[in-house]
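Novice: Need coordinates for the below:
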Amino acid sequence: MPLLEDGRLVADDWVTVADDAPLPDPPAILTLARLRAEDLAGRNAPLGLALDPATQPEEIADLLPRLSLVAVLLPKSKDGRAFTQARSLREHHGFQGEIRATGHVLPDQYRMLLRCGVSTVQLPEGADPAVWTRSADLVDIAYQPARDAGAPLGLRRRRLERV
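Specialist: Model prediction:
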């Protein structure tokens with residue numbers, strides 16, 4: 001599937017690996033169960049985690065220094081847990097690696113995903129990146145601070161900032 005980063009398509013070097021499949025040489029995205037069960041101490045290739053929506057970031061805090069990528073899943077458009085997970089990973093746990101949004105992601109959500117700390121979005125096949133970029137630029141004010149510094153704050157928020 002295409003991968004969107006900063007409004008442009010980029011190559012995806014990561015391989016998502018099933019729990020019963022052999023571990024490949026390229027960067028691999030694993031489930032939490034496999035990361036906990038397997039001894040990966042000697043592996044030099046980057047590791048990623050496919051984070052289940054029900055898993056709290058606190059539960060994986062001990063793994064974060066070893067991870068280069070955390071993939072958050074949006075199982076449906078009305079499920080906002082991935083937004084909370086991404087923001088928590090950045091703000092409360094200091095995760096500096098790639099946070100990838102996967103699953104049922106809509107162009108309307110792109111701007112908010114970026115504001116929560118998501119760095120890449122896995123697009124559906126055939127998606128037009130221009131639509132996603134336009135969607136991110138559509139709303140140019142925000143009502144609360146976020147991980148990105150791209151959107152100016154709304155008038156009320158600016159007034160509160162001055163006080």
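
Novice: How about R66: what's its closest non-neighbour residue?
Specialist: In this structure, R66 finds its nearest non-sequential neighbour in L47, 6.1 Å apart by C-beta to C-beta, 6 or more residues apart in numbering. Every C-beta, even on glycine, is put in place using the N, C-alpha and C of the backbone.

Novice: whoops, D13 was the one
Specialist: Leaving aside its chain neighbours, D13 sits nearest to P27 (5.6 Å; criterion: C-beta to C-beta, 6+ apart).

Novice: Please give me every residue in contact with the closest residue to D108 other than its chain neighbours.
Specialist: Sequence neighbours aside, S135 is the residue nearest to D108 in space, at 5.8 Å (criterion: C-beta to C-beta, 6+ apart). Residues near S135 by C-beta atoms under 8 Å, 6 or more residues apart in numbering: 107-108, 110-111.

Novice: lowest average confidence, helix or strand, in this structure?
Specialist: helix 155-162 (a mean of 56; mean pLDDT, DSSP states H and E).

Novice: my guess is S68 contacts L49, does it?
Specialist: No - using C-beta atoms under 8 Å as the test, S68 is too far from L49 to be in contact (9.6 Å).

Novice: Looking at those two, which is more packed in?
Specialist: L49 (23 against 15; other C-beta atoms under 10 Å).

Novice: What's the local residue count around the residue lying closest to D79 once chain neighbours are set aside?
Specialist: Counting by C-beta to C-beta, 6+ apart, P53 is the residue found nearest to D79 once chain neighbours are left out, at 6.4 Å. Other residues near P53 come to 16 when the count uses other C-beta under 10 Å.
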